[in-house]
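Asks: Here is my input; please provide its structure:
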Amino acid sequence: MPQHRSLTLEKLVAGIDPSLMERYFTEKLPADKGELPFRIIMDWPAIQEFMADERNAQATALVMEDFSRINDICEKAKNHIVRAYRQFNLSWDEDDSPENLAMRLFLDHEEAFDFAYTWYCYYHTSSTLSSHRIRGTFKLTGAKLKKFLKEIQEWFGQLAKGRQCIVTHYDERDSTVILVKHGSYVKTVAYWKENEIDMTSFRPANEDVLLYDKGAGVLRIKASLPKDREQYIESFSRCIMGDASLAESEDRDTVYTLKPLQDGSFNWNGNEYIQSVLLTGIKLRLPGSTEPVIHVASSDVRKSLNESLRGIRLNVGELVYAKLRFALRVDGKRPRVSVEISPPARSNLNQKRYAEIISAYLKAQGVELV
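Replies: Down below sits the predicted model:
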């Protein structure tokens, strides 16, 4: 589930035409979920009045969820709004605000809005991306997606998270992205209803993202729970790729390694785009029956090991986590980007600016293996 960016409701409302706001409240909210103000012009004061009305407690929760999703892609994924208009051959005004463009997608083109929001989830949500080698013949069909959906519904149903599940996909030349909307555990909350406290129960909706890189034969997954990721791998291999054994491959999760940082082969001096690389965090598992793990955080871990922690060396034990800070030289700018890697399969690289430059460097250094 994405952690929504900070939402300043008044600012969002100010960026959307009142006519679109009116359409949202009259078309998207069920008639029995709330009482609209007498005057239908849904400007900021009218929306405040609506949300302050205790009869609209349930509707307000729906409004906040919808507006948070719209705000998310306006704040962090404006390029994917435009990408959605182009992908679905929709006309748009280049001078229009991102808020208006996003609301029009939400109201009139649900699939296009989901497309933009899927890419937002992939690049900007907090869940760490895991990558897995799933190599084989990839040909997506409706029958395969239906089989995949059935397995995922059964999986979440067995976990008492409900069988409600929606799977949408977008097939592009180099990759296919799959958005899975599914339920979570039922929550019960109290709210005021006139002068009494009432209770309501609901099942929150979560979104997970799977992206298959056709050229590399790599499945990348954004999901909160390891057991869900494992199920996605198994179901994708069996239902989409048609070969369940792909999920059992010995090198399935061998996507990252930190051995070059330990054996001295990693080049810390960078290249034409990268000025330097600093190691700013590590988790080092030491040998022994208790397998102790040492955590070190510093502006320069290698220097700290030499000066302050002389009994510890990078090549002692297993390096299970590293945080690298890249100082770049790009387009006359000198940005600094921190990347976390947890072998064999997890990293937050996809969330970072200049990910392609950093990924190419990590591949050249033998850290990224696909």
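Asks: Check the secondary structure at the residue nearest to Q262 when sequence neighbours are not counted for me.
Replies: With sequence-adjacent residues excluded and distances taken as C-beta to C-beta, 6 or more residues apart in numbering, Q262 is closest to N315, at 4.5 Å. Backbone N, C-alpha and C define where each C-beta goes, glycine included. Assigned by DSSP: H, G, I helix; E, B strand; the rest coil, the conformation of N315 is coil.
Asks: Just the helices from this structure, written as ranges.
Replies: Ranges of helices within the chain are 9-14, 18-23, 44-52, 57-76, 78-87, 98-108, 110-124, 142-158, 226-235, 259-263, 301-307, 355-364, based on DSSP state H.
Asks: so where is the stretch 51-200 of the chain shaky, pLDDT-wise?
Replies: Applying pLDDT under 70 to the stretch 51-200 of the chain flags the ranges 126-127, 159-164, 182-200.
Asks: Could you rerun that using 80?
Replies: Applying pLDDT under 80 to the stretch 51-200 of the chain flags the ranges 51-59, 61-62, 75-77, 124-128, 156-167, 181-200.
Asks: that older thread, for the residue nearest to Q262, which residues are in contact?
Replies: 262-264 (C-beta atoms under 8 Å, 6 or more residues apart in numbering).
Asks: ok, 10 Å please
Replies: With contact set as C-beta atoms under 10 Å, 6 or more residues apart in numbering, N315 has these partners: 259, 261-264, 284.
Asks: Please apply the same query to L258.
Replies: Neighbours of L258 in contact, by C-beta under 10 Å, 6+ apart: 266, 279, 282-284, 314, 318-322, 324, 341-344, 366-367.
Asks: Not counting its neighbours along the chain, what's nearest it?
Replies: Excluding its sequence neighbours, the residue lying closest to L258 (C-beta to C-beta, 6+ apart) is L319, at 4.2 Å.
Asks: any idea how far L328 is from that neighbour?
Replies: 24 Å (C-beta to C-beta, to the nearest Å).
Asks: The nearest residue to V367 once chain neighbours are set aside: neighbouring residues, count only.
Replies: Spatial nearest neighbour of V367, chain neighbours left out: P260 (5.7 Å); criterion: C-beta to C-beta, 6+ apart. Neighbour count of P260, defined by other C-beta atoms under 10 Å: 14.
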